[in-house]
Each structure stands twice: as C-alpha cells, then as structure tokens.
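In: Below: sequence and its predicted model.
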There are 4 protein chains.
Amino acid sequence: MCRIAAYTGPAIPLQNIIIRPAHSLLTQSQHATEAKLAVNGDGFGISWYGDDDMPGLYRDVLPAWADDNLINLCRMVRSHHFIAHIRASTVGETSRANCHPFVYGRWSLCHNGQIPHFVNIRRRLSEALPDDLFAAQRGTTDSEMVFLTLLSHWLEADPLAAINATLRDIGPATEAGPIKLTCVLSDGGTLYGFRYASSGMAPTLYASGVLDNGGRALASEPLCGNPSRWMALPHNALCALAADGMTTAPLDVKALQTA
Amino acid sequence: MCRIAAYTGPAIPLQNIIIRPAHSLLTQSQHATEAKLAVNGDGFGISWYGDDDMPGLYRDVLPAWADDNLINLCRMVRSHHFIAHIRASTVGETSRANCHPFVYGRWSLCHNGQIPHFVNIRRRLSEALPDDLFAAQRGTTDSEMVFLTLLSHWLEADPLAAINATLRDIGPATEAGPIKLTCVLSDGGTLYGFRYASSGMAPTLYASGVLDNGGRALASEPLCGNPSRWMALPHNALCALAADGMTTAPLDVKALQTA
Amino acid sequence: MCRIAAYTGPAIPLQNIIIRPAHSLLTQSQHATEAKLAVNGDGFGISWYGDDDMPGLYRDVLPAWADDNLINLCRMVRSHHFIAHIRASTVGETSRANCHPFVYGRWSLCHNGQIPHFVNIRRRLSEALPDDLFAAQRGTTDSEMVFLTLLSHWLEADPLAAINATLRDIGPATEAGPIKLTCVLSDGGTLYGFRYASSGMAPTLYASGVLDNGGRALASEPLCGNPSRWMALPHNALCALAADGMTTAPLDVKALQTA
Amino acid sequence: MCRIAAYTGPAIPLQNIIIRPAHSLLTQSQHATEAKLAVNGDGFGISWYGDDDMPGLYRDVLPAWADDNLINLCRMVRSHHFIAHIRASTVGETSRANCHPFVYGRWSLCHNGQIPHFVNIRRRLSEALPDDLFAAQRGTTDSEMVFLTLLSHWLEADPLAAINATLRDIGPATEAGPIKLTCVLSDGGTLYGFRYASSGMAPTLYASGVLDNGGRALASEPLCGNPSRWMALPHNALCALAADGMTTAPLDVKALQTA
C-alpha cells in the first residue's frame, strides 16, 4: 500500500500539497490512517509539469521524511499540475526504477494497490508490449507494467478505453487474491484517477472540492483537517479533473467480474 | 527510539540473531511492540568482532528491511560477538555517519534514547573531548557524543566509572524532558548494557538466559516467542555479559537524580 | 579538487549552465581538463535562488553523471542566480553533509581547494564559532568550516573584510602544504568569487563576459568552446558579479604571505 | 568498460585481492591503465563463497573508493573463492540491480565489455528465457541478459557449450560495433574466464601464476607490481581455474565470425 497526492490548478509551490497541509502526504508517510500499513518508507517520487513537453521527475529510495532534498524541492518548485507518491513496497525491491511516478512522454502514473498474481502474468504482459514500450521497462513492479500496458492501448487517445483494455489484459483475479488498482495519472492537462477492485475495496482515493485558490486535488487521504470537503471516488469509475471541473465515467468491469 | 540486538558466545551467522528469530531485529524494524514508534526505518548498522583488532562495521541509510546487502551479509558472516541497531531518528539527519554502532578502536556502541536538551550541551561536551576524540566526530547525534565522552573517561579501564562520569557530564535533565540512555557497548570481549533515565522509564533492554548454543544475547525486545526466558535489565545498573556469565553493578546516579 | 559553475542574470533553466554547454559542469565531472583529477565523482550540489528568502539546495552523493534526478531538475528549474558544484573529495567522507554548496540563511558557498593542515586547526576554528554557527556544523570538511568562519566575520556586512579575517584565522601554511581556496559564494544578489593560494597557483576560476542573454557566469573551466571570451580571475582578489557588471578588490594577503 | 578481480585458493581476507595489492581493484577504480576510461565509478559488487550453498553478494551504487562499508567488509570477510567488479556503465542506469556480479543459485558472473546492438536483441533474448530465468530479470543491462542466457543453456552441465550457444544467440555484430565480452564466472568450485570479441580486441583479462599462498587469481590488470608473473588470457578460449591448476579450451567462434 502506498499514498498518493496530486494537484491541478493555478501554479503553487509543491509543498502546499505535499508538506504543509495538516495531513499532508509527508505526514501520511509516517502516519497514514486509511492504509493497511501506517508507514510508507520505501521511496517516493514526484512528477510535475511546467513549460517543457515532458514532466519533471524526482524519485529516490529514502523514506520521504528523511530526504532534505525533497523538502527543498517542494519549497522552491512551483507547478500547476503534479503527482506525488510515497511507497510501501509489495512487489519489487527498493530502487529508483521501482519508485512511482512512472513517466513516458507526457504521461505519468502513480499506483496504489496490487496484482497478487503478477508473477504469473508479468511475462505475458511484457511480451504483448510494442517494441518501444518493451524497451522502456526499467524496474520489476506490477505498477510499471500497468502503466506501459495502458500506454500500449492508446492511453492518449481514449483513457477510459485504455483502462478497460488493460483490465481485460490483466484478467480475472486468481486464488492469490483480489486485484486492486487505485491509480492517478496525467498527461499534464487532465488529472485522472480511478479505483478498481476485482472484489472488496480498492485503496482509498479522494477528490477535494474546489480549493481556496481555485485548484483541485486528489489524495489517498484528505489533506486537511476537514474531510467533509473531500469526496471518496466511487469504485470502478474514471474521474477526470480539469480546469473546468470534474467528470466521471464508469469503467466497463462487468465482463471481468463475471469471468 | 531505536531497537538494538547483540550477541556473545560461540560464533554464529549474524542472521541467527538479526533475521531468523520470530521477533528478530529485522521484524522489529517494521513491527516493534515496546517502542513509541513501531517503525525504525532511518538506517541501521552492525559491528562484529573477528580475528582483526578492530570490529567490522556495516552501516547504511536505507530501512533495514529494504537492503538486500544486509540479508546477504547476515547469512554469510559468522561472529562470536556483535551488536546491531536499527534507527528511528530523533536528532540528526539520516546519514551513515549518524547510524549506529559508532566504532572507535576496539569499542563499539549503540544507543536507544535521547538527551532532549542536547542542543544546549553539544558544544560543552565537544569542547571537553581530548584532541583525538574531538577529531573522531563524524556526525551530529547525541549518541556519538555519548560514545566519545565515555571513551574520554577511560572506558577501557573502568566502564562503570566512565558511565558515571559521562552521566555527570551530561548533567541533570532540563525542561526539555528526561534524559534516557539505553546503551549496548563492547570492546569485543565483554558485552555491556545499561538503562538510565533521569526520570520515568528508559527504553527497554532484555538479557536472554543462556541460549541453546551456550551464547547470550541482549535485545530491546525478546527475540523469540517465549519472553519468559528473557529478563528485563534493571534501571541504573551496568550489566556485563561475558563467557562466564552475567554480572550487574549499580550506576552512581543519586547525585544526578537530586541535582 | 572539484569543479564549480555559477550564474547570475535573467532566469534560465539550470541546464543551460550545468548540462548543455559543450564543456558543461556535467562534462567536467568526467573530463575536467584543468584539474589534477579528470574525474569529480564524489557527489554534487546546486543552490538556486527564487522567490523564497532561502535558496533551494539539492545535494547527493552519487556522481553527477549517474543521477537522473539532476538531469530532470536542471531541465525543469529556472533561476536567475545559482551555484553548482561537483566534488572530488580531499577531506571528509562522501556524504550529503560534505557536499557543496553549503547553505546558511541566504548565503551559499562552494569551495575548490584544500587546507592541508585542516586537521590541526579544525578544533580552533570550530571553537571560535558563535553558538548558532557552531550548531550549524553538519559535516567534516574544511570547506564547511571556511563557510561558517566567513559567516562569523559578518560576511553579510562586508564580504571582503570577512574573507580577510577568515584567511587570518586559517593562518599561514604549514609543512603539510600550501593553502588553496578558490571559492564562489552568494547571498542571492551578488555572485562573489575569489582565488587564494598561500603559495603557488590556486585552482582555476574564470568569469564569462556578458553572455548572449545578458547574464554572467563563473566557472572552474570555460563552459563553451570559445575560451577567449572567458577571463581567468586574478589571484588574491575578490570579484563581484552583479546586474551592473563585475568589480574586483584585492584581498589583504600581505601579512599572511610573510607570516 | 569495467574492471574485474577474482580469486580461488586457500581462504584469505577479501582485501588481499581487492584493496591491498599495489595495483588492486580499488586502485583500478580510479587509475585503471588498460581501459578506455581510467575511472570506474558507477557502482561495484562482490560475490563470495563460503559454507552456504549460495554465494554472498554485496553491491552498491557508490564509487568503490567512497564506500567505507566495502573497506570494512574486505578487511573482515575471508573466502576461498570470490569475484569482484567495479563498474563504468555503458548500458543501464546506476542501480544495484545493474551492478555486477549477478547471482543465480550457485552461479555468479561479472562482465566487462559491450553488446553495442543490445537494444535490438534484448527482447529476443528475454523472450527466449525459460520462465524461472525470465522472472529473475532485475535490471536492464546486457550483462545480466548474457548471464541468464548462459544459465538457460545448461551452464552447470557444460560451461563451454553454454558459452558457445550464448554467442550464437547474441548473433553477429552489427554496424553498431563489435561485440566484446570479457567475463569471469563461477559456481563456487571452478573459476572461469573468457575473452570474446567479434573483431578487434576484447577487454584485458590476466591469470596470475600460482600465488605465494598457493591460490590463483584472474584480474583485468595485474594486481601487483610485477606483471611478468601474470599471463594475458588468449582470445576466444575458456580458461578454468581450479585447485589442480588451469585448463584452456577454445570457444567455437568460427561460424560467428563468418556470419
């Protein structure tokens, strides 16, 4: 289990989401309240968008609370659009290549959850990738594979269709346990979030209302002391946050559930 | 708060203390039960004694559970005498120089606890060190300073007197909170442990009885599933474990308590 | 020996100085041409100024060429005033606390050179610091001590006087070898550079002319393929680069040279 | 280009090969004389054999010269059979998973050289692996892929045949440049070394004569000041060092050279 926070809106210092709030992502790294583990100490990462076509990416293997660079970066860097992640590892050793977000072109993705039978489908998913995405593999996580598979299904053209196709590729859960994917992803323009669980509950993900500065945020746990202003994302639906508000569209999970 | 485990006896693989027991030091790094924090993820270290005059030292800033090198080392290296530590930082950033054990000559020391007013006495303690120990400072922790101060008081000649003198140097607690020092130290021959608190309880430290292989261990929490065979060390006493058994001598803390 | 690059002028991406030039700081990390060692692989750091009172600081112990975060940061972060450093260690282990720049309040400093008898004067310099600067010590380098000593001599009020006073504190060279200090420092407004050698040559430092974008740079080695546009800084003089050009004032080193 | 040193014989401290010799592996990390690059600072690793079935493995991403743990380990650990490597990266980022040696079961391998067209054959080689070896992939180097491909060809049963089959799998060189594989590998009993180049010279590898203590070593550059006692391994032959001496058998490279 991991924790995620993301933002879109007027440019702000990264610290306004990641460090300053009463229940900031940094606080959640040591005192998560809605996760199986209270501690997320297996690395962290941030992707942030600016003038350049590709987002910036900062990842390291230290616990987020132990990295002075992170504090400095979050104080100095302003962005209108960013995703941050703190990791509690399930699959894959602690290395930068296994830290989220994963970035490819304009896209970046963070994942919270698990494909318990990943060891059985890693090879199939890997071999289904087109050459450029196959060559882009850097680590050993189910999360990176989900990201590359999404990209292979034309994520840019139709995110909803790409997610549905990826869920089909992953296939039904096995005796190893339910598939749980709570993801936040972005192309730098729209911030997407979804929760999928083959059964039971997917890891939490909340959308803020319109923040005081006019922006919006997604977070594994409400960042402020007033959770009533945050809304839990529904299961099995894709939420899209853009300048003009939030929209929601259902995932096509019927076939999967009955498989 | 941190967790400590140490061993003296017939040579064994380090993993027999650090990894294999049901409630091993590695387990305690994520699931400590008698500490304020359940997680000790701010680095770790091991000093172990062998043929060489000086102990070996392995320290790194990763959480112990995330370091494959540690697993390999503990599997391969055998020692008759070693001390291991996992850190939850109170003072001092996460760096190798701030990881325990601290080693100087034949001596090594691990500390669990805190001098809450260390910022006020660091300078005085540092300036009281003889030149060679002054030059040996590498990090910024109260723990390293306690170690160097112990050495400056002829630790080698009389450990009990050195501890008493060090406690006097530290002086009485202030409004910042009680002084708490639970330490394990060694010269490679005898394994010493003590718990000192200016008021209240010092962090836990237990001595095993004679283990199945004839050795003895000290640990912040009993390593096996049968705590009844472990004895909590008394407060304000120096325990010494050697080949011929365990002895205990009271610290001279009266003057300090009433100061 | 280390390599330094710094910039002041209109805001630019950090990469325009650190990565993109034909003979960039990153290139110098593997192929320095005017240093004793061609390789500077013992960590690196950047301080950069923005809206905040304090500069940002990014330091890590990897070789600069091996850090993807550095590439990303330099691509995404824009600044009007920054200092960067790559380290080839002489004194002090490879740790973040020993990486340059050192930052205190608004000031940051990078050093290239060595005080060969530092082990003999570290204690004296440390004990001469006022309490707040004493408490700010984090590492074990001569460079950090030079920085704190400069600050103790009212660097903010009169940089030239502070440098002269610091050179007096360091004292004359010993049989250990000549003192060599090539430093770049800043308060975020003016960029200062100086070269001092008790005898022989101090490490190189060049000032660019006015760059195409109107800015100016300091660098251990000219960053572009046209060194004729760069001017070697004179020995024993303080150069100050600000919006309105460069000024130079001699250090008061006579007394030292004859001591 | 990287540097390798390996040893088989009576148990010795690792430092006797890695650190103490006049031209030790550690010295070669900063001052290699027979490599394209004098510096090998992109991580290092050691596999060493002891009582356990599997070798120990210690790898880290720091330059070898900057790692105190390595110095301590090499001083304290004794082994009768070990392989060490310092890396100058060609393909693959600096991460532990990309550091040599690679270990699988009893086998470990270090590689010095390059498959310039690896990006074009990575997928084919990966997909040809049996499931267990496919799942063992951790990094992104050509070296790890060579190791896994060797294992897939029954390395345990017939090393010479496995190497020939692997060279066939890699196929002929392309316009990207000649294939160069200088490898040292072991199952803990016999130490193997070979140099293969599709054209031109493969990276150097020398065999010591019988050392003073009765052991033998392989090294990229002779470790002592007396190179006359070291013999350059011939191209395109597999050398095997065991307790009873060294044997050499030609690789079957004719078909490859003319392909």
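Out: It's in. Keep in mind it's a predicted model, so treat the numbers as computed, not measured.
In: All the helices of chain A, residue numbers only.
Out: Using DSSP state H, the helices found in chain A span residues A:15-18, A:25-31, A:68-76, A:118-128, A:131-135, A:142-152, A:159-170, A:254-258.
In: want to try a markdown table for those, with mean pLDDT and distance to chain B as columns?
Out: Every residue, glycine included, has its C-beta placed from N, CA and C. Formatted as a markdown table, the helices of chain A follow (pLDDT from 0 to 100; distance: least, Cβ to the nearest Cβ, whole Å):
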| stretch | mean pLDDT | distance to chain B |
| --- | --- | --- |
| helix A:15-18 | 95 | 18 |
| helix A:25-31 | 83 | 8 |
| helix A:68-76 | 95 | 7 |
| helix A:118-128 | 96 | 18 |
| helix A:131-135 | 96 | 26 |
| helix A:142-152 | 97 | 17 |
| helix A:159-170 | 96 | 27 |
| helix A:254-258 | 62 | 33 |
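In: In the stretch 151-259 of chain A, what residue comes closest to chain D?
Out: residue A:152 (14.1 Å; Cβ to the nearest Cβ).
In: any idea how far that residue lies from residue A:159?
Out: Distance of residue A:152 to residue A:159, given as Cβ to Cβ, to the nearest Å: 13 Å.
In: Likewise for residue A:175?
Out: Counting by Cβ to Cβ - residue A:175 and residue A:159 are separated by 31 Å.
In: who's more crowded, those two?
Out: Taking neighbours as other Cβ atoms under 10 Å in any protein chain shown, residue A:175 and residue A:159 compare with residue A:159 leading, 22 against 6.
In: which parts of chain A sit against chain D?
Out: Neighbours of chain D within chain A, by Cβ under 8 Å from any Cβ of the partner chain: A:93, A:95-97, A:119, A:122-123, A:126-127, A:131, A:134-135, A:137-138, A:140.
In: ChimeraX command to pick out the buried ones of those residues?
Out: In ChimeraX, this line selects whichever of the residues of chain A next to chain D come out buried by 16 or more other Cβ atoms under 10 Å in any protein chain shown:
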select /A:93,95,96,97,122,123,126,134,137,138,140
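In: Can you give me the neighbour number for residue A:238?
Out: Neighbours of residue A:238 (other Cβ under 10 Å): 23.
In: burial of residue A:105, as a residue count?
Out: Neighbour count for residue A:105, taken as other Cβ under 10 Å: 15.
In: With residue C:81 as the reference, measure out to it.
Out: According to Cβ to Cβ, residue A:105 and residue C:81 sit 32 Å apart.
In: In contact with the most centrally placed residue in chain A, which residues?
Out: Nearest to the mean C-alpha position of chain A, by Cα atoms, centre = their mean, lies residue A:110 at 2.4 Å. Neighbour list for residue A:110: A:2, A:4, A:6, A:45, A:83-85, A:100-101, A:143, A:183-185 [criterion: Cβ atoms under 8 Å, 6 or more residues apart in numbering or on different chains].
In: quick one, what contacts residue A:184?
Out: A:4, A:6, A:83, A:109, A:110, A:191, A:192, A:193, A:205, A:218.
In: And residue A:107, by the same measure?
Out: Counting by Cβ under 8 Å, 6+ apart, residue A:107 touches A:147, A:151, A:155, A:156, A:185, A:186, A:187.
In: isn't residue A:191 right next to residue A:8, touching?
Out: Yes - in this structure, residue A:191 is within contact of residue A:8 by Cβ atoms under 8 Å, at 4.6 Å.
In: So between these two, which is more surrounded?
Out: Higher neighbour count among residue A:191 and residue A:8: residue A:191, with 25 against 22, using other Cβ under 10 Å.
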